[in-house]
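Visitor: heads up, no residue letters with this:
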């Protein structure tokens, strides 16, 4: 890793917040626009959401739309949890859309956020609901190699996960045979 740099997260990414349309206005809900909240952040990819808002709900709230292949990051309730959106989705106020300011591989960012999840949780505060402020998030030091090395790292991580999945599969087969 000859082009390794340590930068502040806020120098690499912009964080775009979300919001919730008023639950009192039925016209804002049950439309065609997926609306993500913390309950939707399970696994690596966001493929669907539990809730949907309408076009009028989108226009009358602080929500923003995540585009396919953008990372959505939890900043409240379960701060630090990332997911890669595979759909266009509005987000609530507990989430942020991560938009890279420079050429950063989406999968590298995703795996890096997984790696930083514990640190983000440690930096979070709150008695009932944990959350991290944007100021603290922006100040986190982030290791960023050049794009070519990012892709090599992602390839190695995915290769290792694939081997792990194969090992689990082999273990299950052996268990069934016993």
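Guide: Now that the structure is in, tell me what you want to look at. In this text the structure is predicted, and so the values were computed from the model without any measurement.
Visitor: Remind me what the longest helix seen in the chain packs against, helices and strands.
Guide: Using DSSP state H, we find that the single longest helix of the chain is helix 147-177. Applying 3 or more Cβ pairs under 8 Å, 6 or more residues apart in numbering; DSSP states H and E, we find helix 147-177 packed against helix 106-123. Heads up, the C-betas are built off the backbone N, CA and C, glycines and all.
Visitor: Can you give the distance of the helix it packs on from its chain's centre?
Guide: 9 Å (Cα atoms, centre = their mean, to the nearest Å).
Visitor: Does anything pack onto that helix? Which helices or strands?
Guide: strand 71-74, strand 82-85, strand 95-100, helix 134-139, strand 141-144, helix 147-177.
Visitor: Could you tell me which residues within that helix count as buried?
Guide: By 16 or more other Cβ atoms under 10 Å, the buried positions in helix 106-123 come out as 106, 107, 108, 109, 110, 111, 112, 113, 116, 117, 120, 123.
Visitor: Turn these into JSON lines, columns for pLDDT.
Guide: Putting these into JSON lines (pLDDT from 0 to 100) gives the following:
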{"residue": "106", "pLDDT": "94"}
{"residue": "107", "pLDDT": "95"}
{"residue": "108", "pLDDT": "94"}
{"residue": "109", "pLDDT": "94"}
{"residue": "110", "pLDDT": "95"}
{"residue": "111", "pLDDT": "94"}
{"residue": "112", "pLDDT": "93"}
{"residue": "113", "pLDDT": "94"}
{"residue": "116", "pLDDT": "91"}
{"residue": "117", "pLDDT": "90"}
{"residue": "120", "pLDDT": "92"}
{"residue": "123", "pLDDT": "89"}
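Visitor: and which of those residues is nearest residue 48?
Guide: Proximity of these to residue 48 (Cβ to Cβ) peaks at residue 110, which lies at 18.3 Å.
Visitor: isn't that closest one right up against residue 71?
Guide: Yes. The criterion here is Cβ atoms under 8 Å, and residue 110 meets it with residue 71 at 5.8 Å.
Visitor: Quickly list what's touching both of these two.
Guide: 82, 83, 84 (Cβ atoms under 8 Å, 6 or more residues apart in numbering).
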